[in-house]
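Enquirer: Here is the input, now give the coordinates:
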Amino acid sequence: MSTAKMKNELVPIIIIKEIIDQKEELERILSKHKVKEPEEIERRIEERKLPEHPAYEDFLSALALRSSIEEMKKLARELIEEI
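Expert: Residues are numbered from 1 along each chain as shown. Got it, this is the predicted structure:
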């Protein structure tokens, strides 16, 4: 097996590891605020059930993580299909 081919086959594994790490971080943020979705953090801020700082930063981080996870899942699926 060529080195290039081996590296290409490792990319999905690396991406999956990153997905797992980001999912853990997303879960940490959501559980910190006792919610299931990032939008619930924003709603609780608006209802004054959470302080704006640092909850709003957590809300933005959670949104970014969720988006990144979805993009990486899509990329991993495409790469796995190529293998």
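Enquirer: Any chance you could list what contacts stretch 75-83?
Expert: Contact partners of stretch 75-83, identified using CB atoms under 8 Å, 6 or more residues apart in numbering, comprise 8-9, 11-12, 15-16, 19. The C-beta positions use only the backbone N, C-alpha and C, and glycine is treated the same way.
Enquirer: per-residue confidence at residue 79?
Expert: Confidence at residue 79, expressed as pLDDT, is 85.
Enquirer: again, but for residue 15
Expert: pLDDT, residue 15: 94.
Enquirer: What does it show for phi and psi?
Expert: phi -60, psi -40 (degrees, to the nearest 10).
Enquirer: Hmm, residue 72 and it touching each other?
Expert: Yes. Counting by CB atoms under 8 Å, residue 15 does reach residue 72; the two are 5.3 Å apart.
Enquirer: And what about residue 50, helix, strand or coil?
Expert: Following DSSP: H, G, I helix; E, B strand; the rest coil, the label given to residue 50 is coil.
Enquirer: so how far is residue 24 from it?
Expert: Per CB to CB, to the nearest Å, residue 50 is found 22 Å from residue 24.
Enquirer: between those two, which one's more packed in?
Expert: For residue 50 versus residue 24, neighbours defined as other CB atoms under 10 Å are more numerous around residue 50 (21 against 11).
Enquirer: wait, doesn't the more buried one sit right on residue 44?
Expert: Yes. Counting by CB under 8 Å, residue 44 is a contact partner of residue 50 at 4.4 Å.
Enquirer: Can you check which residues contact both of these two?
Expert: Residues touching both residue 50 and residue 44 (CB under 8 Å, 6+ apart): residue 33.
Enquirer: and residue 29, how many neighbours does it have?
Expert: 20.
Enquirer: Just want the most central residue of this protein.
Expert: With distances taken as CA atoms, centre = their mean, the residue of the chain nearest its centroid is residue 65 (3.4 Å).
Enquirer: Tell me, what's the model's pLDDT at it?
Expert: What the model reports as pLDDT for residue 65 is 98.
Enquirer: Quick check: buried residues in the helix or strand hosting it?
Expert: Following DSSP states H and E, one finds residue 65 within helix 52-82. Neighbour counts using 16 or more other CB atoms under 10 Å place 55, 58-59, 61-63, 65-66, 69, 72, 76, 79 of helix 52-82 among the buried residues.
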